[in-house]
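Trainee: below are the sequence and a predicted model for it; my questions follow.
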Amino acid sequence: MKVKSAIMLVVLVLALGAGLGLALGLRSFLGKLAPGQKEVSERFVLYIEGMAPAGKLVLEESVQRMTASREFSLRILALLALEAKIEVSALADVAYYIDMRDTAHWKVDWDPRSSTLGIEAPPPDCLPPAIRTESIEVRTEGANLVSSAVFSIRKEVEALKGELSADFLGKAKASLAAPELREKLGASLEETARAFCGNVLRVKPKNIVVTFYKDGPQG
């Protein structure tokens with residue numbers, strides 16, 4: 001009876017040892033499969049580059065009616081030798097992006113223990129607004145201008161569409177300071193990162209923390 005018990009005890013110890021060894025071996029094997037921080041960072045950059053071959057990852061696009069600066073309006077009037085107060089506006093497609101080539105302000109951290117992907121991205125910027133010529137409006141303030149004068153102003157504005165776009169760019173860049181827009185841009189980048197984790201890493205992160213350079217976490 002004692003011999004039988006001893007044999008059972010030995011078998012139990014061996015089984016526990018084998019189980020522990022198997023668990024440690026499996027953990028070591030899975031650890032080797034888990035992507036490291038450097039690998040994740042490199043793969044994420046490649047993933048983004050595939051989406052934005054031109055080096056600019058667009059995070060938000062919108063159509064906005066924008067009003068030209070007083071300086072632009074005065075220049076139009078001067079070119080036509082007119083004296084009046086006018087307001088020039090137009091619909092424009094505005095695209096906000098981050099520059100993938102700005103490596104100094106781009107960082108990706110992956111923490112497998114907490115399953116957290118941390119992204120520090122370059123500060124967002126915007127492309128020159130694309131003006132929709134057919135939407136250009138000219139409004140007069142005070143004294144009304146004759147229809148032919150308004151038509152001439154509109155045609156001059158169309159001819160200087162490139163300069164009007166540059167004029168609008170200043171306002172588009174100023175809008176980047178709005179907290180609501182920064183939050184939208186952060187949420188957009190977060191969705192891109194989530195898709196990367198699912199499609200490339202085959203993991204579902206518990207947390208994704210997005211930060212723009214010189215900002216706090218978004219969202």
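Mentor: Sure thing, it's come through.
Trainee: all contacts plus neighbour counts: C-alpha atoms, from now on.
Mentor: Noted.
Trainee: which non-adjacent residue is nearest residue 86?
Mentor: Nearest residue to residue 86 in three dimensions, chain neighbours excluded: residue 140, at 4.3 Å (CA to CA, 6 or more residues apart in numbering).
Trainee: secondary structure class for that neighbour?
Mentor: Following DSSP: H, G, I helix; E, B strand; the rest coil, we place residue 140 in the strand state.
Trainee: just residue 95 next, same as before
Mentor: Classified using three-state DSSP, residue 95 is strand.
Trainee: correct me, but it touches residue 61?
Mentor: Yes - if you go by CA atoms under 8 Å, residue 95 and residue 61 touch, sitting 4.5 Å apart.
Trainee: look at the two and report which has more neighbours.
Mentor: residue 95 (19 against 13; other CA atoms under 10 Å).
Trainee: report the contact partners of the more buried one.
Mentor: Shown in contact with residue 95 (CA atoms under 8 Å, 6 or more residues apart in numbering): 58, 59, 60, 61, 62, 126, 127, 129.
Trainee: try 7 Å this time
Mentor: 58, 60, 61, 62, 126, 127 (CA atoms under 7 Å, 6 or more residues apart in numbering).
Trainee: can you pick the most crowded of these?
Mentor: residue 126 (23 neighbours).
Trainee: measure it to residue 95 for me?
Mentor: From residue 126 across to residue 95, the span is 6 Å (CA to CA, to the nearest Å).
Trainee: just residue 50 next, same as before
Mentor: Counting by CA to CA - residue 50 and residue 95 are separated by 19 Å.
Trainee: same check, this time on residue 55
Mentor: 14 Å.
Trainee: can you show me the strands along the chain?
Mentor: Ranges of strands within the chain are 56-67, 85-99, 107-111, 116-121, 125-126, 130-131, 137-141, 207-212, based on DSSP state E.
Trainee: which elements pack onto the last one?
Mentor: It stands for strand 207-212. strand 116-121, helix 179-196 (3 or more CA pairs under 7 Å, 6 or more residues apart in numbering; DSSP states H and E).
Trainee: give the contact list for the residue nearest to residue 106 when sequence neighbours are not counted.
Mentor: Using CA to CA, 6+ apart and skipping the chain neighbours, the partner closest in space to residue 106 is residue 121 (4.8 Å). Residue 121 is in contact with 105, 106, 107, 211, 212, 213, counting by CA under 7 Å, 6+ apart.
Trainee: weed out the non-buried ones from the residues you listed.
Mentor: Buried by 16 or more other CA atoms under 10 Å: 106, 107, 211, 212, 213, out of the contacts of residue 121.
Trainee: which of those sits closest to residue 146?
Mentor: The nearest member of those to residue 146, counting by CA to CA, is residue 212 at 50.1 Å.
Trainee: distance of the spatially closest residue to the closest one that is not a sequence neighbour from residue 193?
Mentor: Excluding the flanking residues, the one nearest residue 212 by CA to CA, 6+ apart is residue 121, at 4.8 Å. Distance, residue 121 to residue 193, by CA to CA: 12 Å.
Trainee: quickly list what residue 65 is bridged to.
Mentor: Beta-bridge partners recorded for residue 65 (DSSP bridges): residue 91.
Trainee: list the contacts for it?
Mentor: Counting by CA under 7 Å, 6+ apart, residue 65 has contacts 89, 90, 91, 92.
Trainee: state the distance from the residue nearest the centre of the chain to residue 186.
Mentor: In the chain, the C-alpha closest to the average C-alpha coordinate belongs to residue 59, at a distance of 3.5 Å (CA atoms, centre = their mean). Distance of residue 59 to residue 186, computed by CA to CA: 8 Å.
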